[in-house]
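Asker: Structural data only, the sequence is not supplied:
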């Protein structure tokens, strides 16, 4: 037989209400005992009837459990208070940060030349001083960058001069190497090379004296 679902509301009949209270109280205390035994938990149950009669169950010591409960409840309350205070502090900091952002945005617009109608003469003088100071800082930084670039170029120039000196030294050693090659080859070969070079030079000079000209007409033999 299926048990019907009980409607959760106050039982109007006093006798039925007392019977239900006794049954459910005993079941609650029994479940608390089983929970303490099976799970090795500290369980305390306090029940007051409608007439003010006390029913309780405790697995260890009721007073110690109550003190422990008050300690944890107080700690949780303190933690809640600390969290609320921290949230209020964050709200104040957020509001202050929003105000600072608005002030900075207004100052930036004025530095760019906008919204100057509402500025007084003193505020305009302050804006002029800020702009002059910014220009001076930019020029100093620009000059510093130019000096650093000049120093890098000078260092590069010194490196190139050293490499150039090494190349000059290497080129100056070539005649000495050529003299060694001449001694190894021998005088006859060297004279033959010189005579070949002089003959080639004479041929080039003779070829420079050849007369050239442009003639229009049929080809003809020219003898001179």
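Answerer: Received it, and whenever you're ready, just let me know what you need. Remember, it's a predicted structure, so these values are computed and weren't measured experimentally.

Asker: quick one, helices of this protein?
Answerer: For the chain, applying DSSP state H gives helices covering 14-39, 62-111, 121-172, 174-185, 187-208.

Asker: Between those, which one is closest to residue 55.
Answerer: helix 14-39 (5.9 Å; CB to CB). C-beta coordinates here come from the backbone N, C-alpha and C atoms, glycine included.

Asker: Which elements pack onto that closest one?
Answerer: Helices and strands touching helix 14-39, by 3 or more CB pairs under 8 Å, 6 or more residues apart in numbering; DSSP states H and E, are strand 44-48, strand 54-58.

Asker: what's the spacing between stretch 152-163 and its chain's center?
Answerer: Offset of stretch 152-163 from its chain centre (CA atoms, centre = their mean, to the nearest Å): 37 Å.

Asker: That should have said stretch 103-118, apologies.
Answerer: In this view, stretch 103-118 has its centroid 31 Å away from the chain centroid, taken as CA atoms, centre = their mean.

Asker: about what we covered before: okay, the helices of the chain in TSV with distance to residue 51, mean pLDDT and mean neighbour count next?
Answerer: Shown next, in TSV, are the helices of the chain (distance: least, CB to CB, whole Å; pLDDT from 0 to 100; neighbours: other CB atoms under 10 Å):
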stretch	distance to residue 51	mean pLDDT	mean neighbour count
helix 14-39	9	92	12
helix 62-111	21	84	11
helix 121-172	80	90	10
helix 174-185	127	46	10
helix 187-208	140	47	10
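
Asker: between the ones you listed, which one is nearest to residue 52?
Answerer: helix 14-39 (13.0 Å).

Asker: orientation of the closest one relative to strand 54-58 in degrees?
Answerer: 10 degrees (axes from the mean of the first three to the mean of the last three CA atoms, to 10 degrees).

Asker: angle of helix 14-39 against strand 44-48?
Answerer: 170 degrees.

Asker: And the helices and strands packed on helix 14-39: which comes nearest residue 164?
Answerer: Nearest to residue 164, of all the helices and strands packed on helix 14-39, is strand 44-48, at 97.2 Å by CB to CB.

Asker: helices or strands next to the closest one in the packing?
Answerer: Counting contacts by 3+ CB pairs under 8 Å, 6+ apart, strand 44-48 is packed against helix 14-39, strand 54-58, helix 62-111.

Asker: right, and those - which one's nearest residue 152?
Answerer: Evaluated over the helices and strands packed on strand 44-48, closeness to residue 152 peaks at helix 62-111, with 33.9 Å, by CB to CB.

Asker: can you give me the offset of that closest one from its chain's centre?
Answerer: Computed by CA atoms, centre = their mean, the separation of helix 62-111 from the middle of its chain amounts to 29 Å.

Asker: same check, this time on stretch 104-123
Answerer: Distance, stretch centre to chain centre, for stretch 104-123: 33 Å (CA atoms, centre = their mean).

Asker: Nothing else from me, thank you.
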